[in-house]
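Peer 1: no sequence on this one, just coordinates:
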């Protein structure tokens, strides 16, 4: 359940009860607004709610009563559910109709208020990196092997490492250019240069994984299936990055979640803490090393 702290005037007992009756919502009373905000700062609850007198009964006040909400946005889905539950409870209890406003603030030390447009931009760019590196690179190499072009170059005396290095370079350039173009279109050309600090490590990571996938299969159909499975394994945990702390910790062990967080901070003009920056680079480097290591191991078996 989503945990919220509630500070309410005595006249709002019916509204507090409506919140207690809401499914998957755990209500904790607080002795004042400062105490409720402290619970959010400690991450004991997701949202602090202050219900002033007149919230549940229309009093024709001008301005209308302001319901204060104080969010910890490190869990987007949880605070969004808390706000929705409060709105629905007011709609059920208020008579004859709600006449309130929401005054929302956000916990210091948490991420900035959730911006749907920024979130979509970050997701599109991250998945463009993932798709181009993990899907297109192995499909291209698998098609060449299936048609015999790759083996023909090997028989002609071309070193296998040179061929794979050329394929990896092509993948890196294509991945970086595609995502840089997306950034230019969505966030402006001035954001490209700072974003390269995330794009280049991300491209190295995903191209390495894609190269390993390509060398573990024989045909294009196998490459399509393998790339799809790898994309699911890498991408699905990222959706838990905005969930409970345990889910966020699990998601941060996969490359897409820390990469997305880094891109979000950069594209919004915010700096990343040193620990977050080091964690992102460490995760991307570990997966890149694993991918290129598997590719190097498999490359030995391709020598004519």
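Peer 2: Noted; the coordinates are in hand. This one's a predicted model, so the numbers in the text were calculated from it and none came from an experiment. Numbering: from 1, shown residues only.
Peer 1: so residue 68 is in which element?
Peer 2: Using DSSP states H and E, residue 68 falls within strand 66-71.
Peer 1: what's around the closest residue to residue 153 other than its chain neighbours, how many residues?
Peer 2: Spatial nearest neighbour of residue 153, excluding adjacent residues (C-beta to C-beta, 6 or more residues apart in numbering): residue 163 at 6.0 Å. For every residue, glycine as well, the C-beta is placed using N, CA and C. Neighbourhood size, residue 163 [other C-beta atoms under 10 Å]: 17.
Peer 1: isn't residue 163 right up against residue 152?
Peer 2: No: Residue 163 lies out of contact with residue 152 (C-beta atoms under 8 Å); the separation is 10.9 Å.
Peer 1: Mind listing the shared neighbours of the two?
Peer 2: Common contact partners of residue 163 and residue 152 (C-beta atoms under 8 Å, 6 or more residues apart in numbering): none.
Peer 1: residues in contact with the residue of the chain positioned farthest from its centre?
Peer 2: Most distant from the centre of the chain: residue 156, at 45.8 Å, with distances by C-alpha atoms, centre = their mean. Residue 156 sits next to no residue when contact means C-beta under 8 Å, 6+ apart.
Peer 1: and if you look at the one 3 residues further on?
Peer 2: In this structure, residue 159 makes contact with no residue, judged by C-beta under 8 Å, 6+ apart.
Peer 1: Check what pLDDT it gets.
Peer 2: Per-residue pLDDT puts residue 159 at 84.
Peer 1: With residue 115 instead?
Peer 2: 57.
Peer 1: hang on, residue 32 packs against residue 6?
Peer 2: No: counting by C-beta under 8 Å, residue 32 stays clear of residue 6, with 11.5 Å between them.
Peer 1: Would you state the strands of the stretch 1-150 of the chain in chain order?
Peer 2: 2-8, 25-29, 47-51, 66-71, 101-106 (DSSP state E, counting those that start in this stretch).
Peer 1: chain center to the second one, what's the gap?
Peer 2: For strand 25-29, the separation from the chain centroid amounts to 27 Å (computed by C-alpha atoms, centre = their mean, to the nearest Å).
Peer 1: Can you say which helix or strand has residue 193 in it?
Peer 2: Element membership for residue 193 (DSSP H and E) is helix 192-215.
Peer 1: Following the chain past that helix, name the next helix or strand.
Peer 2: helix 220-235.
Peer 1: Just the buried positions in whatever helix or strand comes next after that next one, please.
Peer 2: Counting by DSSP H and E, the element after helix 220-235 in chain order, helix or strand, is helix 245-251. Neighbour counts over helix 245-251 (16 or more other C-beta atoms under 10 Å) mark 248, 251 as buried.
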